[in-house]
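J.: Coordinates for the following, if possible.
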Amino acid sequence: MRSILLFFVLVNAVCFGQKNESYLIKQELFLGNKLANSKSTYVTVSSNKTLSKQAFPLEINTKAITYTDPERQFIFSSLYPDSSLNVLYSSMLADVLMQLHQPIYFNFQGEQTIVDTTSLKKEIRVKAQHWELTDDVAAMVANNMAGVGAALSQELNHAYINKDFLKRLQVESQLVDSKRYSMTKSDKQKVYLTFKDTSKQLEGELVIAKKGCKLISLNQRQTYTFDNRPVLSTTNIQQLETIMHPTYDETYAEMLLSSSFVSKKLLTDGAVDSVKVVEYIKKYDAIFPNDKFFVQKKLNLLQQIKDDKQYDLTLKNTPVNLFAGTHHLSNLLYRGELSKDKFMALIPLLDKEKKYNWIQNSLYQGYAPSKEYLSASEQIELLLNGFSELEKQYIYPMVLWQRIEDLDNDLPQSRNLFNELMGLNADYWTNGNAGRYALMIYQRMVPIDEVFSRQMLNDIIAKLTTLYDTDQTKDRHITRAHLATAYYFAYQLVHKNDRREALAYLEKAALYSPKKDAEIAYDSYYDTNFLKAKNNYSEDYLTELASTGQKDVALSKYIKEFLTVQGTSYRGLRDFYQHYYSDQKFSEFFMQKVVSQLPEAPNFILKNLQNGQTTNDDLKGKWTLVDFWGTWCGPCVAEMPKLNDFYDQLRINKERSQRIGFVSIACSDTEDKVKNFIAKNNYTIPVLMSDNRVERDFNVQGYPSKYILTPEGKLIAMPFGFDWQQLLEEIAFF
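T.: Below is the predicted model of the structure:
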């Protein structure tokens, strides 16, 4: 559709009797008020010099393209390659490169435009074979380019805008098909027109040169509704004074395509071939040694073929700006083999998340490299004084904690440093993970000065509460984890002397413990490890609550916890019930009081690989595992042998297969890809093809994702990495 739109605009805009004219076409598509994509295309209309020139005397050549798709984070620019982004990970790469290397031959018959689709399809096949495009991408490109031909042959052009047409416009507006033209003004050189097509909600303005009736500019707007959202499509065309030259050569295009996922050039039987990779690197190392996309792909390929020696050497000897924005920056940092110059160049290239992770979870632990490299203390000093205020925010809370560690129990100075930490603003607390260091200082001070420590903890809780209440970013999940731990420390401080107060603190610790995957901060794992804390205090609280004689209240909260967290809190609920209600049967309680409150599984009707259909009703009567996956998903593919073995064991065990079911749903995939993947690996698992809706209905957040459907059709969700098999086996055989 992108290609169709491009050439549809061109056909509708250009008075094609002209030859050797260049135009800049800028198109923008808005969904609601949000820019969906933007494309600037430089084209030249000239004489066709091929054998088909008699039937198709004109041709369009695309000289340059700049394409931006914010939603997919895809930017392609043949004019400014360094501004490109994610080009190796989108099938749009093949689309735009085909446009840059394939002319469109055409002719006019009255108001109709006829395209040479025969030669077009032939050239597409030749280029697809040369680039070794995957079958589905080759078909996509062919469809797009064929769609261009369909648009050129079906849509109106402006060849009829001649002197006679302009003369009639001076008298009255003119209707051409469903588009009505009016003349707004005229001077010695130009004629200014407006047009409106009410049938298509389309309108715009044209400027035509009187001499030769050539298009000078066009502005066009079209509105419509798609998926219940308003859509605005705008097109701006400007005549260029000079003829552009091609901005992308064949060699560079081949380097990009052959290393992207749309090509099979580096594969053998669907897997990366190390021999082909070495040949690819050797070939293009000599041509594009300092091109960022080649360097990044080179590093990725060296990791894929497990050539660690060459990877480390490339990482060490490559300017860091060439792999900015990739995981290779972090790899270089974590290796610690950095000179001062490379360190100073690297740090500004890190995004916030990578910088935070490295400082808080690696630099914090320190290391002692050889003399030629910076030590941890030298790196900390540079972060503190050699960069901007932002880097100081990241490191200063750690520095204050380290200074207290080095004081050897100097209480007055420790208190001063702690008060300085508490006085830092919210940016230091968020960027510098100050909650961790405040709690570590508290732990150090407890055995030294318990009275002051209690005041410290109260201050920390107050500070963290304010931060949590005011921060609406994902950083608040780390603050939340710190707050839960702070309340647990408060519980430990008083539980021997005041059980009621202790229970109140423990309730707060449970309250701030993460309840869902979205509330779990990755970095809080390190904090709990360094603080010797826990990820979740809910079970501690409920156990303490029951021990005070409030077991029914605790049970009610356990049920609520399960209904919120589902899979992960099952064992806590089970153990609690069996301990405090040992005279009753847990399985009956679970089915009657818990499962009955679970949400209903979404309805679906999906096609399987045997051209049959499966619905959610077909899965009732068993405890069924539902796995959302894709052939493109690394963790999914890695887990597939385990899933297939699980399904094979079900098939041969009649007792288990009567109670447990299994189905997988392939998402963002094609049926051919899935069939080939299953056949190649001799897998037997049942696969349903997503309708692009079922994953939204199940609220799938990532892949692979797993759910258990109860025999009654209720839904139990499980977080990524959770031991689903143990849970499934247990609840199916109470």
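
J.: Tell me where the stretch 351-500 of the chain has helices.
T.: 352-361, 376-385, 389-405, 411-423, 426-431, 434-445, 450-470, 476-494, 499-512 (DSSP state H, counting those that start in this stretch).

J.: With respect to Ile287, which of the ones you listed lies nearest?
T.: helix 352-361 (30.3 Å; Cβ to Cβ). Every C-beta, even on glycine, is put in place using the N, C-alpha and C of the backbone.

J.: In the sheet, which residues pair with the residue lying closest to Lys607 once chain neighbours are set aside? Tell me.
T.: In space, and not counting its chain neighbours, Lys607 is closest to Met689: 5.1 Å by Cβ to Cβ, 6 or more residues apart in numbering. On the basis of DSSP bridges, Met689 is bridged to Lys607, Ala666.

J.: Show the contacting residues for Met689.
T.: Met689 is in contact with 606-609, 665-666, 669, 671, 674, counting by Cβ atoms under 8 Å, 6 or more residues apart in numbering.

J.: Out of the residues you listed, the closest to Asp583 would be?
T.: Ile665 (42.2 Å).

J.: what's the neighbour count on the closest one?
T.: Neighbours of Ile665 under the rule other Cβ atoms under 10 Å: 25.

J.: pLDDT value on it, please?
T.: Ile665 carries a pLDDT score of 94 in this model.

J.: State the distance from it to Asp672.
T.: Taking Cβ to Cβ, to the nearest Å as the measure, Ile665 falls 17 Å from Asp672.

J.: And Pro246, by the same measure?
T.: Distance from Pro246 to Asp672, by Cβ to Cβ: 34 Å.

J.: ok, those two, which is more surrounded?
T.: Pro246 (15 against 10).

J.: that older thread, what about the helices of the stretch 351-500 of the chain, which gets the closest to Ala138?
T.: It's helix 352-361; of the helices of the stretch 351-500 of the chain, that one is closest to Ala138 (Cβ to Cβ) at 36.5 Å.

J.: Need the contact partners of that closest one.
T.: So helix 352-361 is contacted by 329-330, 333-334, 347, 350, 383, 391, 394-395, 398, 431, 433, 436, 522-523, 526 (Cβ under 8 Å, 6+ apart).

J.: Can I get the buried part of those residues as one PyMOL selection?
T.: Buried residues within those, by 16 or more other Cβ atoms under 10 Å, are selected in PyMOL with:
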select buried, resi 329+330+333+347+350+383+391+394+395+398+431+433+436+523+526
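
J.: Leu715 in helix, strand or coil?
T.: Classification of Leu715 by DSSP: H, G, I helix; E, B strand; the rest coil places it in strand.

J.: Find me the pLDDT at it, would you?
T.: Looking at Leu715, the pLDDT reads 90.

J.: that older thread, mean pLDDT and distance to Ser46 added to the helices of the stretch 351-500 of the chain, as a markdown table?
T.: As requested, the helices of the stretch 351-500 of the chain are exported to a markdown table (pLDDT from 0 to 100; distance: least, Cβ to Cβ, whole Å):
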| stretch | mean pLDDT | distance to Ser46 |
| --- | --- | --- |
| helix 352-361 | 88 | 48 |
| helix 376-385 | 92 | 57 |
| helix 389-405 | 94 | 52 |
| helix 411-423 | 92 | 70 |
| helix 426-431 | 93 | 56 |
| helix 434-445 | 94 | 65 |
| helix 450-470 | 90 | 62 |
| helix 476-494 | 91 | 59 |
| helix 499-512 | 87 | 68 |
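
J.: ok, Ser664 - how many residues close by?
T.: By other Cβ under 10 Å, 24 other residues sit near Ser664.

J.: so who does the residue nearest to it when sequence neighbours are not counted touch?
T.: Spatial nearest neighbour of Ser664, chain neighbours left out: Asp627 (4.4 Å); criterion: Cβ to Cβ, 6+ apart. Asp627 makes contact with 643, 662-665, 704-706 under the criterion Cβ under 8 Å, 6+ apart.

J.: which residues of the stretch 101-250 of the chain fall in helices?
T.: Using DSSP H, counting those that start in this stretch, helices in the stretch 101-250 of the chain cover 117-130, 135-154, 163-169, 250-259.

J.: Lowest average pLDDT across those helices?
T.: helix 135-154 (a mean of 69).

J.: re the thing from before, can you tell me which of the contacts of Met689 is nearest Val277?
T.: Taking these together and measuring to Val277 by Cβ to Cβ, the closest member is Asp669, at 25.3 Å.

J.: Would you mind measuring from Asn20 to Lys211?
T.: 15 Å.

J.: coming back round to it: return the subset of the contacts of Asp627 lying in helices.
T.: In this view, the contacts of Asp627 that belong to helices under DSSP state H are Leu643.

J.: May I ask you to confirm that Lys680 is in contact with Gly270?
T.: Yes: using Cβ atoms under 8 Å, Lys680 is in contact with Gly270, at 6.6 Å.

J.: Let me see the contact set for the residue lying closest to Ser186 once chain neighbours are set aside.
T.: Distances taken as Cβ to Cβ, 6+ apart put Tyr192 closest to Ser186, at 6.9 Å, once the chain neighbours are dropped. Contacts for Tyr192 (Cβ under 8 Å, 6+ apart) come out as 183-186, 205-207.
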